[in-house]
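Trainee: sequence first, predicted model second:
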Amino acid sequence: MTIEEMKAKKTERGLTNEMIAKLSGVPLGTVQKIFSGETKAPRKLTIQSLTRVLSEEWDTGRSFEKAESTLHETAVQYGVPGKTRRYTLDDYYAIPDDRRVELIDGEIYDMASPTFEHQRILGNLYLRFRECAETHGMPCDIYAAPCDVQLDKDNYTMVQPDLLVLCGEYDSAVKRYEGAPDLVAEILSPSTRSKDMLLKLYKYQNAGVREYWIVDPDHKKVFVHFFDTEDYCPEQYDFDSQVPVGISGGACRIDFTGIADGWRDRR
């Protein structure tokens, strides 16, 4: 979809820049620059995110509110009712430890408790990544959630990827990792699907993450976004595939066979 076609769809649907930003996960400032003509050549990922939203039949008012709720996890509201502000790391760390949240661009998102299937996949994925890295001599450490990642090195974003791979030198004694991991994996759930597939996809790519895996248990698919190439197209794999790790040059491959199985299933 061209920018002119997007402008026409925007007018036809009766959508505001604010609505499009919320539904797509693209920052409001970026949306405004695209539709004002200030940005002449938006990134491919940005065009894809906006096209997804503008291709849907969103209505304004109550229908939009319903649509928005299906696309985003519930944002936590603090402070005075009716007033909003940009939340910071101080707000993030003020939340009790037994309540998992993420802070993304000044907005706080509640994270639902993971299912048993989610945890089985994460546990198996962690073990397979670790074994593969050791076998092929990758100078990387593998971590599973919850680990704090100050993705943009600013005061407004702190995420907790399901799995992250850190290569090279870093300070493992600090309580959070500052910057972009080399590889990040997220396991989709009903409450995180849109955030992981749209908002976090955009954030990870722009922060400098080299590779992003999206694991979809419902459809038994793995989507691999390798950001080291400028014009990329995500690769898609089934749960019976050997998925190559791009940052290893393809030497390391993760076997997804039985990735969702537990110990009882393997007896």
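Mentor: Arrived safely.
Trainee: downstream of the longest helix along the chain, the next helix or strand is which one?
Mentor: The residue-count maximum for a helix in the chain (DSSP state H) belongs to helix 116-135. In the C-terminal direction, the helix or strand that comes right after helix 116-135 (DSSP states H and E) is strand 140-144.
Trainee: checking the residue nearest the centre of the chain next. Helix, strand or coil?
Mentor: Of all residues in the chain, the one closest to the mean position by Cα atoms, centre = their mean is K200, 2.6 Å from it. When classified by DSSP: H, G, I helix; E, B strand; the rest coil, K200 comes out as helix.
Trainee: over to Y170?
Mentor: Of the three states, Y170 takes coil according to three-state DSSP.
Trainee: which residues are in contact with it?
Mentor: Y177 (Cβ atoms under 8 Å, 6 or more residues apart in numbering). Every residue, glycine included, has its C-beta placed from N, CA and C.
Trainee: do you know how far it is from S55?
Mentor: According to Cβ to Cβ, to the nearest Å, Y170 stands 40 Å off from S55.
Trainee: residues in contact with stretch 37-54?
Mentor: 1, 3, 6, 9-10, 13, 15, 20, 23-26, 30-34, 198, 201-202, 205, 231-232.
Trainee: ditto for stretch 118-127
Mentor: So stretch 118-127 is contacted by 114, 142, 144-145, 162-163, 185, 187, 189, 215, 217, 254, 258-262 (Cβ under 8 Å, 6+ apart).
Trainee: quick check, pLDDT for G123.
Mentor: On pLDDT, G123 comes in at 96.
Trainee: tell me how many other residues surround it.
Mentor: The number of residues packed near G123 is 13, by other Cβ atoms under 10 Å.
Trainee: distance of it relative to K9?
Mentor: 43 Å.
Trainee: drop anything exposed from the contacts of stretch 37-54.
Mentor: Neighbour counting by 16 or more other Cβ atoms under 10 Å classes 3, 6, 9-10, 13, 15, 20, 23-26, 30-31, 34, 198, 201-202, 205 among the contacts of stretch 37-54 as buried.
Trainee: circling back: the longest helix of the chain to strand 140-144, inter-axis angle?
Mentor: 170 degrees (axes from the mean of the first three to the mean of the last three Cα atoms, to 10 degrees).
Trainee: which parts of this structure are strands?
Mentor: 101-104, 107-110, 140-144, 149-150, 163-167, 177-178, 183-187, 211-216, 221-226, 235-238, 242-244, 253-255 (DSSP state E).
Trainee: ranking these by mean pLDDT, which is last?
Mentor: strand 107-110 (a mean of 90).
Trainee: that one packs against which elements?
Mentor: If contacts are counted by 3 or more Cβ pairs under 8 Å, 6 or more residues apart in numbering; DSSP states H and E, strand 107-110 sits against strand 101-104.
Trainee: just the CA coordinates for the strand it packs on, please, in PDB.
Mentor: Extracted in PDB, the C-alpha atoms of strand 101-104 (Å, rounded to 0.1, in the frame of the first residue of the first chain):
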ATOM      1  CA  VAL A 101       4.500  -5.500  33.900                       C
ATOM      2  CA  GLU A 102       6.400  -4.000  31.000                       C
ATOM      3  CA  LEU A 103       7.000  -0.300  30.300                       C
ATOM      4  CA  ILE A 104       7.000   0.600  26.600                       C
END
